[in-house]
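Student: need a structure here:
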Amino acid sequence: MVFWEGYYRLHTRKDEEKKNLVPFSTVVKGVLLQQLVQAIVTLFLPGLYILEEVQVKELKYRIEAIILLELGYCFLNDLTTTTKASGVVEQPSIAKQILQFLIAMFVMDTWQYFVHRYMHQNKFLYRHVHSWHHTLVVPYAIGTLYNHPIEGLLLDTIGGAISFLISGMTARTAVMFFCFTMVKAVDDHCGLRLPGNIFHLFFQNNTAYHDIHHQLQGLKYNYSQPFFSIWDKLLGTYMPFNLVKRPGGGFEARLAKE
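Tutor: Numbers count the residues shown, from 1 in each chain. Just a heads-up that it's a prediction; the model follows:
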């Protein structure tokens, strides 16, 4: 416990217990509820469309990818190819999949920035929907998905589906992308500044960046998630900060002095 508490936490355990407005048990129940709602939605999605047989098969693989994301699995053995009427089509080249990843990342960021920002600006949505997530003033890993079910649908389910469709990913690429997205989101909320963290090397939008957003002074800044800080900087909602060592160990993300 001293290892985690003393060297890598952005907040002390006392801060977590004092500032957070909901107990850990409530967070766990809320996360399970949101995942149940999203799983049910994905199960019934095929019934919303009237499709030809080939389209149904393609949609089946895409729905499986989303369901695997919701359940937290990355089984790739049955998702290595996309089924077509004429047979089996191989996965696209690595270069094409990387391009699809980048497109999906940009689309996901764009969708989540504007929906997330609107949830803060609309008093009704903030009070009744998004405030669930901000009851965790000191975020921790499992609280990543502690959202109102409506927010889960708007940000994650719809945002993920749009990113998936626009990028043109196959089911296997989508599973890898969504798993990557989930790991990144968990890291953003974990409250730990771990040495050698690859996300902190490649992404400015990281644990400390999002921690600023959960603080009272930064509530209307740093909306961008989960990858880049492009929209915050372009639209004037970027809040600079300094990461300083806390007396007694650990780090603290402090707003930069103007």
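Student: pLDDT below threshold where in the chain?
Tutor: Counting by pLDDT under 70, the chain contains low-confidence residues at 1-6, 42-89, 257-258.
Student: remind me, longest helix of it?
Tutor: Looking only at the chain and at elements set by DSSP state H, the helix with the highest residue count is helix 94-121.
Student: mind checking what helix or strand follows it in sequence?
Tutor: Per DSSP states H and E, the first helix or strand lying C-terminal to helix 94-121 is helix 123-125.
Student: identify all contacting residues around that next one.
Tutor: Identification of contacts with helix 123-125 by Cβ atoms under 8 Å, 6 or more residues apart in numbering yields 118, 119. Where C-beta positions appear, they are placed from N, C-alpha and C, glycine not excepted.
Student: give the buried residues for it.
Tutor: residue 125 (16 or more other Cβ atoms under 10 Å).
Student: which element is encountered next along the chain beyond that helix?
Tutor: Tracing the chain past helix 123-125, the next element assigned as helix or strand by DSSP H and E is helix 131-134.
Student: contacts for that following helix, please.
Tutor: Applying Cβ under 8 Å, 6+ apart, the contact partners of helix 131-134 are 30, 143, 146, 147, 148, 151, 214, 219.
Student: how many neighbours does the first one have?
Tutor: Going back to what we said before, that points to residue 30. A count of nearby residues for residue 30, using other Cβ atoms under 10 Å, gives 22.
Student: wait, it sits on residue 146?
Tutor: Yes: using Cβ atoms under 8 Å, residue 30 and residue 146 qualify as a contacting pair, with a distance of 4.9 Å.
Student: shared neighbours of these two, anything?
Tutor: Counting by Cβ under 8 Å, 6+ apart, the shared contacts of residue 30 and residue 146 are 22, 132.
Student: re earlier: in TSV: the contacts of helix 131-134, plus distance to residue 10.
Tutor: Supplementary listing: these in TSV, determined by distance: Cβ to Cβ, whole Å:
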residue	distance to residue 10
30	22
143	13
146	18
147	21
148	25
151	23
214	10
219	17
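Student: so residue 144 touches residue 181, yeah?
Tutor: No: look at residue 144 against residue 181 with Cβ under 8 Å: they stay out of range, at 10.9 Å.
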